[in-house]
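Asks: Following is a predicted model, sequence given first.
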Amino acid sequence: ISTKDGAGNTKSKQYSKYETSNENVDRIEWDDDATFVSRRYKIYITIFGIILFFYVTSQFLQTKTNTPISVDSGPPVNIVFFLVDDLGYNDIGYNSFDISASSPYMTTAAKSGIILSSYYTYSQCTPTRSSLLTGMYSSSIGLQHDCITSCDPFGVPLTYPMFPEYLKSYRNYVTAMVGKWDVGHYNQLLWPTKRGFDSSLHLSCYGYLEYTQHIGSGGFHDLHDGFVNVKIGDKIRGIDVIESDYSTSLFIQRSIAIIKQHAFKLKGNIDDDSTDDNNDDDDSTDLLVPTSKYSKVVSDPPGLFLYIAWNAVHTSLSVPQGYNLTNEYIEVTKSVDKDYNPDRALLAGALKIVDNGFKSILDTLSSTDLFSNTVIVVASDNGGSVDDGGNNYPLRGGKKTNFQGGINVPAFIYSPLINSNIRGSVYYGLFHVSDWLPTLAFGLQGRKLSNGFDGLDHWSTITEGLTDIVRSNMVCSLDYLTESSENKGVTSSAASISETTGCFLQQYNTNTDFDDLHNDDMISSEDYLNAGLDSDILRIYKFIWNQEFINWLYPSFSPENFINATRYPEASPRSGAYLFEVISDPYERNNLLWKLDSEQTSVEMKALLNKILLNFFDMFCYEYSTKMVPSLWKQKQSYAKSIFTNNDDFITYWIDDLVEDSDYSNSDGSINGADCIQEEVLELILKDTTKHIFGNDDF
């Protein structure tokens with residue numbers, strides 16, 4: 001990383017865990033004149049800081065503990081969470097080599113914040129979003145299988161409170177949701193304003209066939225202001241003049257309106273006659289934040305939780321009419337091979353509009369004096385869809401696969417509240433999408449995490465540069481349903497270990513045994529640098545099974561841009577099993593299971609591999625038998641289409657009775673009392689590979 005010293009000379013340094021590349025960052029500077037934190041008060045802050053120094057130091061010496069950013073006596077921290085749909089590893093500017101110009105503002109924020117290099121999600125929309133909003137593994141709440149579309153009768157059960165409900169239960173928060181919902185809509189109690197959000201402007205599921213017409217899954221209209229259908233040309237609460245019907249633009253305008261209304265009311269501008277109930281009771285008003293939250297504005301001012309879940313850059317990609325002729329579009333697509341991959345150019349343009357919206361929203365936070373007390377998160381929901389313009393190179397695979405390209409996705413935190421010596425750093429610890437709720441609804445609030453979550457609290461570790469290992473393992477995927485099961489119309493009654501697909505990660509502290517396992521097949525030092533860690537810090541092993549073979553793909557579809565050769569032959573291709581060490585091999589070119597089939601592998605090495613595999617099988621059996629609940633997935637109910645048609649061709653709810661997880665679960669929470677015996681797992685998952693574990697047939 002290149003930096004400048006006090007004399008303006010360029011110097012280079014490789015930064016290790018928790019070190020920072022720009023220690024003195026105290027604001028973001030865009031390419032234009034907009035800034036977030038002005039320097040003009042620096043002198044006054046410095047003087048005031050000197051006065052406070054001895055007091056703060058004495059308090060630190062007395063407590064010898066880390067003080068959380070937000071405590072009960074202060075105003076709640078604002079949280080603005082940006083979820084970008086299908087944003088691949090090579091799509092975000094700080095990773096991309098072909099469309100980096102599409103996200104300069106997010107890149108600037110990421111490099112002035114904390115990048116999460118080991119951030120993992122599920123490989124598709126609904127499992128990720130259900131995990132984000134509940135703090136649970138998707139397999140723990142029945143949402144492990146497939147994405148919700150228009151006629152799907154399942155969603156996150158009401159027995160699992162959602163992110164805004166946890167915030168409201170502890171602090172005074174106003175909450176708003178903008179964008180793609182995708183966690184259930186068949187019953188009205190599953191809609192955003194019934195799950196803790198005070199307002200919503202949303203599409204219910206999947207995405208848009210075209211971003212301007214708002215035609216969603218099944219060919220029906222899908223834009224709702226609370227429960228009110230929004231047609232092209234209709235007034236949308238909080239937006240005086242609609243600048244564009246392009247969905248990203250609408251979501252930007254609505255987000256800005258929410259921020260401005262919140263800031264306006266914080267300053268004491270309260271209309272006592274305003275509606276203060278949930279907005280679904282009065283969707284005709286411009287009220288986006290309930291007035292009742294501001295009744296104690298002096299002693300108990302509310303914080304803002306704004307969840308912005310863009311439908312971009314999900315297929316079907318589109319840009320506003322005429323945008324492809326603008327200089328901006330030409331600039332961001334200049335490195336794209338449009339002949340081989342025209343969708344790549346559309347994605348670059350759609351992402352630039354998202355990035356412009358990101359800047360506009362953060363500028364609004366600054367101009368309304370909210371930015372100084374705000375935490376901003378940007379994350380993708382899964383890997384890029386390589387068939388639809390997304391790209392994850394040099395990671396392997398993409399959306400709907402358990403290779404790194406499908407689940408190791410871009411994410412970062414930016415906030416002026418983060419200690420200045422931590423900004424500009426990279427957090428290498430394992431971080432799962434289920435960790436956001438515990439981290440922001442508990443850790444950020446100075447609140448001890450209660451039991452019952454799969455997610456973990458990383459707040460202090462991330463923002464204070466601690467060396468604690470918060471998460472040592474995770475379930476990246478666990479699903480026992482298959483396409484064959486779907487076609488047969490079966491769900492929980494078809495539980496079968498042999499058909500289960502899964503992906504687990506396990507972190508180990510390095511020891512000489514593990515070093516010996518890799519010393520004959522280490523990849524290049526360049527790959528280590530790209531992985532972000534030296535090989536001697538830690539090792540993260542990843543086990544995948546029942547995964548079809550997927551290659552690596554450049555952002556061009558020309559045949560010469562496929563990388564066809566793995567470092568070693570794929571082991572046991574019939575089993576679809578893979579074992580990678582993703583620190584030394586971030587691109588998953590070396591399936592370690594080949595060593596089980598190699599006559600050159602010593603008995604000791606096979607024993608070590610066996611130890612790693614047995615740990616994974618212990619995890620599998622625990623999750624499968626103890627924590628995984630039957631899937632709530634059910635076949636589509638086509639009759640819902642007639643209800644949509646009678647609802648002016650808009651997607652809506654159509655079932656009065658909720659299907660909850662308890663309707664499928666056994667008393668012990670298992671799948672039909674399914675037993676998980678380690679030896680059976682070995683035989684079923686690894687198949688013909690298992691006979692080689694100890695060099696003979698008796699494993």
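Replies: Right, received. Where do you want to start?

Asks: In the stretch 351-500 of the chain, what residue spans correspond to strands?
Replies: Assigned by DSSP state E, counting those that start in this stretch, the strands in the stretch 351-500 of the chain fall at 374-380, 411-414, 425-427, 431-432, 473-479.

Asks: want to try TSV for those strands, with mean neighbour count as columns?
Replies: C-betas here are computed from N, CA, C, even on glycine. Output for the strands of the stretch 351-500 of the chain, formatted as TSV (neighbours: other Cβ atoms under 10 Å):
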stretch	mean neighbour count
strand 374-380	23
strand 411-414	25
strand 425-427	23
strand 431-432	26
strand 473-479	23
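
Asks: Between those, which one is closest to residue 113.
Replies: Of all those, the one in closest proximity to residue 113, counting by Cβ to Cβ, is strand 411-414 (3.3 Å).

Asks: Could I get the CA-only coordinates of the closest one as PDB?
Replies: Provided in PDB are the C-alpha atoms of strand 411-414 (Å, rounded to 0.1, in the frame of the first residue of the first chain):
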ATOM      1  CA  ALA A 411     -18.600  -5.800   2.600                       C
ATOM      2  CA  PHE A 412     -17.400  -2.800   4.600                       C
ATOM      3  CA  ILE A 413     -18.200  -0.500   7.500                       C
ATOM      4  CA  TYR A 414     -17.700   3.200   7.400                       C
END
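
Asks: Residue 439 is in contact with residue 457, isn't it?
Replies: Yes: between residue 439 and residue 457 a contact is recorded at 5.3 Å, counting by Cβ atoms under 8 Å.

Asks: Comparing the two, which residue is more hemmed in?
Replies: residue 439 (26 against 22; other Cβ atoms under 10 Å).

Asks: how much space between the more buried one and residue 96?
Replies: Using Cβ to Cβ, to the nearest Å, we find residue 439 at a distance of 26 Å from residue 96.

Asks: With residue 182 instead?
Replies: Distance, residue 182 to residue 96, using Cβ to Cβ: 26 Å.

Asks: what helix or strand does residue 109 sit in?
Replies: Using DSSP states H and E, residue 109 falls within helix 104-111.

Asks: What angle do strand 374-380 and that helix make with each other?
Replies: With axes from the mean of the first three to the mean of the last three Cα atoms, to 10 degrees applied, the angle from helix 104-111 to strand 374-380 works out at 110 degrees.

Asks: Can you name every helix or strand that helix 104-111 contacts?
Replies: helix 342-367, strand 374-380, strand 411-414 (3 or more Cβ pairs under 8 Å, 6 or more residues apart in numbering; DSSP states H and E).

Asks: rerun at 6 Å
Replies: helix 342-367 (3 or more Cβ pairs under 6 Å, 6 or more residues apart in numbering; DSSP states H and E).

Asks: buried residues in the helix it packs on?
Replies: Of all the residues in helix 342-367, those buried under the rule 16 or more other Cβ atoms under 10 Å are 343-366.

Asks: where in the stretch 351-500 of the chain is pLDDT low?
Replies: Low-confidence segments of the stretch 351-500 of the chain (pLDDT under 70): 483-498.

Asks: before we move on, the earlier item: now the element after the helix holding residue 109, going C-ward?
Replies: Downstream of helix 104-111, the next assigned helix or strand under DSSP H and E is strand 114-116.

Asks: following that following strand, which helix or strand shows up next?
Replies: Next along from strand 114-116, by DSSP H and E: strand 119-120.

Asks: Quickly note the distance from the spatially closest residue to residue 429 that is not a sequence neighbour to residue 459.
Replies: Closest residue to residue 429 apart from its sequence neighbours, by Cβ to Cβ, 6 or more residues apart in numbering: residue 470 at 5.8 Å. Distance of residue 470 to residue 459, computed by Cβ to Cβ: 9 Å.

Asks: what do you get for residue 124?
Replies: Per Cβ to Cβ, residue 124 is found 27 Å from residue 459.

Asks: Just the mean pLDDT for stretch 228-242, thanks.
Replies: The pLDDT scores in stretch 228-242 average 92.

Asks: Sorry, wrong one. I was asking about stretch 77-90.
Replies: Averaging pLDDT along stretch 77-90 gives 97.

Asks: for stretch 325-334, same thing?
Replies: Stretch 325-334 comes out with an average pLDDT of 96.

Asks: who touches residue 499 in this structure?
Replies: residue 482 (Cβ atoms under 6 Å, 6 or more residues apart in numbering).

Asks: Can you tell me how far it is from residue 629?
Replies: Applying Cβ to Cβ, the value for residue 499 to residue 629 is 17 Å.

Asks: what do you get for residue 547?
Replies: 23 Å.

Asks: Compare these two (neighbour count), which wins?
Replies: Set side by side, residue 547 and residue 629 show more neighbours around residue 629, with 23 against 19, by other Cβ under 10 Å.

Asks: The more buried one and residue 142 touch, don't they?
Replies: Yes: counting by Cβ atoms under 6 Å, residue 629 does reach residue 142; the two are 5.0 Å apart.

Asks: nearest residue to residue 289 other than its sequence neighbours?
Replies: residue 174 (4.5 Å).

Asks: Under a three-state scheme, what state does the one you found occupy?
Replies: Under DSSP: H, G, I helix; E, B strand; the rest coil, the three-state class of residue 174 is strand.

Asks: Can you pull out the low-pLDDT segments for the chain?
Replies: Ranges of the chain meeting pLDDT under 70: 1-73, 271-286, 296-299, 483-498, 509-537, 556-575, 659-699.

Asks: on that earlier part again, which one of the strands of the stretch 351-500 of the chain lies nearest to residue 447?
Replies: Proximity to residue 447, assessed across those by Cβ to Cβ, is greatest for strand 374-380 (14.6 Å).

Asks: Check which helices and strands that closest one sits against.
Replies: Under the contact definition 3+ Cβ pairs under 6 Å, 6+ apart, strand 374-380 sits against strand 78-84, strand 411-414.

Asks: Adjacent strands (with direction) for the shortest one?
Replies: Partner strands for strand 411-414, per DSSP bridges, with pairing direction: strand 114-116 (antiparallel), strand 374-380 (antiparallel).

Asks: Can you report how many residues neighbour the nearest residue to residue 500 once chain neighbours are set aside?
Replies: Excluding its sequence neighbours, the residue lying closest to residue 500 (Cβ to Cβ, 6+ apart) is residue 480, at 4.5 Å. Per other Cβ under 10 Å, the neighbour tally for residue 480 reads 25.
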